[in-house]
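A.B. asks: give me the fold of what follows.
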Amino acid sequence: MMKEERLENTILRNLLTNEKYTRKVLPFLKESYFTQDAEKIVFEQIRSYVDKYNNLPTKEALVIDLGDKKGITEEEFNSSSNLLNQVLENQEETDNDWLLDSTERFCQDKAVYNAVMESIQILDETAKSNKDNKDKGAIPEILTDALAINFDTHIGHDYLDDSDSRFDFYHKKEERTPFDLEYFNRITKNGIPNKTLNVALAGTGVGKSLFMCHMAGACLSQGNNVLYITLEMAEERIAERIDANLLNTALDDLRKLPKTLFNNKIEKLRKKIEGKLIIKEYPTATANCNHFKALLGELKIKKNFVPKIIFIDYLNLCTSSRFRQGGNFNSYSYIKSIAEEMRGMAVEHNLPIMTATQVNRQGFVSTDIGLEDTSESFGLPATADFMFALMTTEKLEQLNQIKVKQLKNRYNDPTYHRNFIVGVDRSKMKLYDVEEEAQEDLIDEESESRTEDRSSKMWQEFSKQKKERDFTDWDVEGK
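C.D. replies: Coordinates of the predicted model:
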């Protein structure tokens, strides 16, 4: 009780002396939140003065107004005057952030308490205090209003008045998780930001898991905490691929390494790396974002582990927390729902999520994948922040290369390096930057392909016009 009284006194004192605080909290404070009559009277006088004069009242003005107030007894006048003297005795400044947080909690607690008491009165049909004759249907709304109290008064960005904050935003260095591949950094402006969903699109066996294992290893090497969730392969298989990548050892050779040599490699790695990598396996089509959030909470409590980035291998093997399995719904809505939940988790935990998805049947045989080749649901690319395709051909496989094509990019112009090449060492589950000649060769090939396409289209148009002209000539001669 003493704590509440002290806080109430602090609130009243700052309402009289702190204009910024008063304008922030006064719309949320109510007379009913104060327990003592003197506090209610003083608060109501402060509110009336601010509403009328748009300024903070002085002690003298409040005392005069109290004297002129109708319906107030001498005892109430004296107790209110004493309270004013008491709250203004302490002139020490209070930390504004703490004060705002404490006042917000005070309002929330009082609002919920009052709402519960009002609900009890409504349920007690014989209670004389239920003067408004509200029925039981009003209870949910009463509780909802009480729980919704929040001091966030932001109601939009004023284009002219908020230009300073906009300028600061333009020059604010956004926290990003960089790639270890040059062209990926170029197209994303040096990495993927927090609160984003990033998707690799590829056919079976092209390299979805290879890409994610390589990137997980790269993020770990940068000193970041990494969480890798797998719904396709066993935890040990994912760890094996990351071993091949970080230990620079072919998968087949890993099994031949003596225990001593393996331990030495791991120990050297431990000395170089500051972050942690946790790999968690879930059975296919059994886990959704609620399971992943519970895992994050458990890791924080048990291992003091908070990831900087999450890999989910892969999205289509997850379930949705909003759709019951076996229900009557289409794949578009279902996959879109999973993507939305995944992106919501990224926003909630302030980190990027990297996942993957399959191409459809048409995309599986295509050498130029587009967004329309996304399997099951076009709602996934609609939700993702960054989406790219991984493609291969016989020629690229011979050169140990993979073609990357931007499909959607909220971080940069998607036409900037629309297509590029990365090298791949499948035995060591590694990706690497190739020489610029390979990128130039790709541009030349695409230019030739576009020229051939244009020539073909021009020939088709010429043939069509020739047929129409021949037919017209024949028709004239026929007449």
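A.B. asks: now do the lengthiest strand in the chain: everything it contacts.
C.D. replies: If you go by DSSP state E, the chain has its longest strand at strand 401-409. The contact list for strand 401-409 (CB atoms under 8 Å, 6 or more residues apart in numbering) reads 183-184, 187-188, 201, 206-207, 368-371, 381, 384-393, 396, 414-415, 417-424, 431, 434, 438, 442. Where C-beta positions appear, they are placed from N, C-alpha and C, glycine not excepted.
A.B. asks: so the spatially most central residue of the chain is in which element?
C.D. replies: In the chain, the centroid-proximal residue (CA atoms, centre = their mean) is Val347; its distance is 1.7 Å. Following DSSP states H and E, one finds Val347 within helix 331-349.
A.B. asks: give the buried residues for that helix.
C.D. replies: 334-343, 345-346, 349 (16 or more other CB atoms under 10 Å).
A.B. asks: cool, stretch 171-184 as well?
C.D. replies: Buried-residue list, stretch 171-184, by 16+ other CB under 10 Å: 176-181, 183-184.
A.B. asks: for the strand or helix carrying Gly297, C-alpha coordinates in PDB please.
C.D. replies: In the assignment (DSSP H and E), Gly297 maps to helix 289-303. Extracted as PDB, the C-alpha positions of helix 289-303 are listed here (Å, rounded to 0.1, in the frame of the first residue of the first chain):
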ATOM      1  CA  CYS A 289       6.000 -21.300 -35.100                       C
ATOM      2  CA  ASN A 290       4.500 -21.900 -31.600                       C
ATOM      3  CA  HIS A 291       6.800 -24.800 -31.200                       C
ATOM      4  CA  PHE A 292       9.700 -22.700 -32.400                       C
ATOM      5  CA  LYS A 293       8.900 -19.900 -30.000                       C
ATOM      6  CA  ALA A 294       8.700 -22.400 -27.100                       C
ATOM      7  CA  LEU A 295      12.100 -23.700 -28.200                       C
ATOM      8  CA  LEU A 296      13.600 -20.100 -28.100                       C
ATOM      9  CA  GLY A 297      12.300 -19.600 -24.600                       C
ATOM     10  CA  GLU A 298      13.700 -23.000 -23.400                       C
ATOM     11  CA  LEU A 299      17.100 -22.300 -25.000                       C
ATOM     12  CA  LYS A 300      17.200 -18.900 -23.300                       C
ATOM     13  CA  ILE A 301      16.500 -20.400 -19.900                       C
ATOM     14  CA  LYS A 302      18.500 -23.600 -20.100                       C
ATOM     15  CA  LYS A 303      21.500 -22.500 -22.200                       C
END
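A.B. asks: adjust the sequence numbering to begin at 202 for everything that follows.
C.D. replies: Right, with 202 as the first residue, what we last looked at is helix 490-504.
A.B. asks: next SSE downstream of that helix?
C.D. replies: Following helix 490-504 in sequence order, the next helix or strand is strand 510-514 (DSSP H and E).
A.B. asks: got a list of contacts for that following strand?
C.D. replies: Contacts of strand 510-514 (CB under 8 Å, 6+ apart): 378, 409-410, 413, 416-417, 420, 425, 427-434, 439, 493, 519, 543, 547, 552-557.
A.B. asks: same question, stretch 276-291
C.D. replies: 210-211, 213-214, 217-218, 237-240, 242-243, 246, 260, 263-264, 267-268, 273.
A.B. asks: buried subset of those residues as a PyMOL selection?
C.D. replies: Selecting only the buried entries of the contacts of stretch 276-291 in PyMOL, with 16+ other CB under 10 Å as the criterion:
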select buried, resi 210+211+213+214+217+239+240+242+243+246+263+264+267
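A.B. asks: ok so, going back, buried subset of the contacts of strand 602-610?
C.D. replies: Buried among those (16+ other CB under 10 Å): 384-385, 388-389, 402, 407-408, 570, 572, 582, 585-593, 597, 615, 618, 620-625, 632, 635, 639, 643.
A.B. asks: heading C-terminal from the helix holding Val548, find the next helix or strand.
C.D. replies: Using DSSP H and E, the first helix or strand after helix 532-550 is strand 554-559.
A.B. asks: packing partners of that following strand?
C.D. replies: Judged by 3 or more CB pairs under 8 Å, 6 or more residues apart in numbering; DSSP states H and E, the packing partners of strand 554-559 are strand 398-403, helix 409-422, strand 510-514, helix 532-550.
A.B. asks: out of those, which gets nearest to Asp296?
C.D. replies: With CB to CB, the closest approach to Asp296 among the helices and strands packed on strand 554-559 belongs to helix 532-550: 27.6 Å.
A.B. asks: show me what the closest one is packed up against.
C.D. replies: Partner elements for helix 532-550 (3+ CB pairs under 8 Å, 6+ apart): strand 398-403, helix 490-504, strand 554-559, helix 580-584.
A.B. asks: apply 10 Å and report the result again.
C.D. replies: The helices and strands touching helix 532-550, judged by 3 or more CB pairs under 10 Å, 6 or more residues apart in numbering; DSSP states H and E, are strand 398-403, helix 490-504, strand 510-514, strand 554-559, helix 580-584.
A.B. asks: coming back round to it: and Ala339, which of the helices and strands packed on strand 554-559 is closest to it?
C.D. replies: helix 532-550 (31.5 Å).
A.B. asks: alpha carbons of the closest one, as CSV, please.
C.D. replies: What follows is helix 532-550, C-alpha atoms only, in CSV (Å, rounded to 0.1, in the frame of the first residue of the first chain):
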residue,chain,number,x,y,z
SER,A,532,-2.6,-25.0,-50.3
TYR,A,533,-2.4,-21.2,-51.1
SER,A,534,-3.9,-20.2,-47.8
TYR,A,535,-2.0,-22.8,-45.8
ILE,A,536,1.5,-22.0,-47.1
LYS,A,537,0.8,-18.3,-46.9
SER,A,538,-0.3,-18.7,-43.3
ILE,A,539,3.0,-20.5,-42.5
ALA,A,540,5.0,-17.7,-44.2
GLU,A,541,3.1,-15.0,-42.3
GLU,A,542,3.6,-16.7,-38.9
MET,A,543,7.3,-17.2,-39.7
ARG,A,544,7.7,-13.6,-40.6
GLY,A,545,5.8,-12.6,-37.5
MET,A,546,8.2,-14.6,-35.4
ALA,A,547,11.1,-12.8,-37.1
VAL,A,548,9.5,-9.4,-36.2
GLU,A,549,8.7,-10.5,-32.6
HIS,A,550,12.2,-11.7,-31.9
